[in-house]
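Student: need the 3D shape of this:
(one chain, ligands or ions: 1)
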Amino acid sequence: MAEEFSFIKGTKIAPAEAKKLNRDNMIVATMSPPGPREVEGQSQWWQRYAFLCPWCVHVEYALVHEEQRHTHWFFCGHCGGAFRAW
Ligand SMILES: [Zn+2]
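Tutor: This is a model prediction of the structure:
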């Protein structure tokens, strides 16, 4: 199951810096992976990713659009830490 995901190690965003970031560009990563049903019907530009949160070293999942990769940052649903993945 895990091999279906692109696995990415996040890099920390300091709390002071995270406060200045645009919340509209925030993606909340969750502990449970999005199922195939959630991906079904979506365009090929949506990909499921598994992230290693640099704060709590927990694996979190999110569905990310190709275009969001350049603009978005992540919020760990487990510890609330902010991180970048790309
Ligand atoms: Zn975390």
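Student: not counting its neighbours along the chain, what's nearest Thr71?
Tutor: Asn25 (5.4 Å; Cβ to Cβ, 6 or more residues apart in numbering). For glycine as for every other residue, the C-beta is placed from the backbone atoms N, C-alpha and C.
Student: to clarify, my last question referred to Ile13.
Tutor: Ala82 is the one closest to Ile13 (Cβ to Cβ, 6+ apart), at 4.1 Å.
Student: who's in contact with the lowest-mean-pLDDT helix or strand in the chain?
Tutor: In the chain, no helix or strand scores lower on mean pLDDT, DSSP states H and E than helix 36-39, which sits at a mean of 71. By Cβ atoms under 8 Å, 6 or more residues apart in numbering, the residues outside helix 36-39 that reach it are 46, 48, 63.
Student: following element in sequence after it, please.
Tutor: Next helix or strand after helix 36-39 toward the C-terminus (DSSP states H and E): strand 46-52.
Student: distance from the chain centre to that following strand, please.
Tutor: 6 Å (Cα atoms, centre = their mean, to the nearest Å).
Student: which parts of the chain are helices?
Tutor: All helices of the chain, identified by DSSP state H, fall at 15-20, 36-39.
Student: and those helices as CSV, adding mean neighbour count and distance to His70?
Tutor: Output for the helices of the chain, formatted as CSV (neighbours: other Cβ atoms under 10 Å; distance: least, Cβ to Cβ, whole Å):
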stretch, mean neighbour count, distance to His70
helix 15-20, 10, 18
helix 36-39, 11, 21
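Student: looking at those helices, which is nearest to Val57?
Tutor: For the helices of the chain, proximity to Val57 was assessed by Cβ to Cβ; helix 15-20 is nearest, at 17.4 Å.
Student: the residue nearest to Thr71 against Phe74, yeah?
Tutor: No: Asn25 is beyond contact range of Phe74, at 9.9 Å (criterion: Cβ atoms under 8 Å).
Student: the two: which has the busier surroundings?
Tutor: Set Asn25 next to Phe74 and count neighbours by other Cβ atoms under 10 Å: Phe74 wins out with 24 against 11.
Student: for the more buried one, give its distance to Glu40.
Tutor: Distance, Phe74 to Glu40, using Cβ to Cβ, to the nearest Å: 23 Å.
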